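Visitor: below are the sequence and a predicted model; questions follow.
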Amino acid sequence: MVSKVRLQASKHMTSKQILVVEDERPIREMIAFGLRRAGFEVREAEDCRTARAALADRRPDLILIDWMLPDNSGLELTRSLKRERDTRDLPVIMLTARAEEVDKVTGLDGGADDYMTKPFSPRELIARVNAVLRRSGGQDEAELVRVDELTLDRAGHRVVAGDRTVTLGPTEYRLLEFFMTHPERVYSREQLLDRVWGGNVYVEERTIDVHIRRLRKALEDFGYDRLVQTVRGAGYRFSARADA
Ligand code: CA
């Protein structure tokens, strides 16, 4: 009886494993600490060579790769992982420094599933890791997605702010669903067209601005229009951070 309980408990507690590839020790330790506290199992590597050895040893559920590594670039590592059959599906989040804005795009072209710009809070990191794991199928797709008091109920196909329903048109709902499941990242109008409208529909990019305006209007009464942020010259971002 006792062993049965224990077995169930340990099964329940099986945690996702994350490999952190970062040469700067204080940053690596900060990341590892935050992830462990959130219940992840963490392994650390300080360069591409060590990362390779760790990968050969055991496949993690997700890998965080710093852009600048001493023996090879994190981008190269990402590219090679995405080329190889065994690691192709392994979700990668790239870490970049703020000065490397342009590199972000390249990072995504290189196959990274997401990127994060340093510095970031442990909370932000956990949110991103969970989002990428969810997207990659590593976790069940959450039926309820929450940002602040805003809750997206995918099963019920509705959005609730506190205890009040947010009235949205179908396009605004899809747009908000995409934003809430892909937070803290800038999407260009073109990317939003692809992801929310689907690539084969002919919609002018200006149309997106119209729907963004409607979405903000719908969220305004609840004070959540601020979450839909315009990033000049780049596109839109959904963020709960006031400083964004
Ligand atoms: Ca580095």
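Guide: Thanks, I have the structure now.

Visitor: and the longest helix along the chain, what other elements does it pack with?
Guide: Assignment by DSSP state H gives helix 205-220 as the longest helix of the chain. On a contact count with 3 or more CB pairs under 8 Å, 6 or more residues apart in numbering; DSSP states H and E, helix 205-220 meets helix 170-181, helix 189-192, strand 228-231. For glycine as for every other residue, the C-beta is placed from the backbone atoms N, C-alpha and C.

Visitor: ok, and what's touching the next helix or strand after the longest one?
Guide: Spelled out, it's helix 170-181. Using DSSP states H and E, the helix or strand that follows helix 170-181 towards the C-terminus is strand 186-187. With CB atoms under 8 Å, 6 or more residues apart in numbering as the test, strand 186-187 has contacts from Arg195, Val231, Ala234, Gly235, Tyr236, Arg237.

Visitor: pull out the buried residues from the residues you listed.
Guide: Buried subset of those (neighbour count, 16 or more other CB atoms under 10 Å): Gly235, Tyr236, Arg237.

Visitor: mind checking the SS state of the most centrally placed residue in the chain?
Guide: What sits nearest the mean C-alpha location of the chain, by CA atoms, centre = their mean, is Arg128, with 3.4 Å. Under DSSP: H, G, I helix; E, B strand; the rest coil, Arg128 falls in the helix class.

Visitor: is it true that it touches Asp114?
Guide: Yes - counting by CB atoms under 8 Å, Asp114 is a contact partner of Arg128 at 5.9 Å.

Visitor: what's the overlap in contacts for these two?
Guide: With CB under 8 Å, 6+ apart, Arg128 and Asp114 have common neighbours Ile93.

Visitor: can you narrow the contacts of strand 186-187 to ones near the ion?
Guide: The subset of the contacts of strand 186-187 lying close to the ion, counting by CB under 5 Å from the ion, is empty.

Visitor: of the residues you listed, closest to Glu184?
Guide: Glu184 lies nearest to Arg237 out of the contacts of strand 186-187, by CB to CB, at 7.0 Å.

Visitor: tell me what the host helix or strand of the closest one is packed against?
Guide: Per DSSP H and E, Arg237 falls inside strand 235-238. Counting contacts by 3+ CB pairs under 8 Å, 6+ apart, strand 235-238 is packed against helix 170-181, strand 186-187, helix 189-192, strand 228-231.

Visitor: SS state for the closest residue in space to Arg146 that isn't next to it in sequence?
Guide: Excluding the flanking residues, the one nearest Arg146 by CB to CB, 6 or more residues apart in numbering is Leu152, at 7.5 Å. Recorded secondary structure, Leu152: strand (three-state DSSP).

Visitor: just checking, Leu152 touches Leu176?
Guide: Yes - at 6.9 Å, Leu152 counts as touching Leu176 under the criterion of CB under 8 Å.
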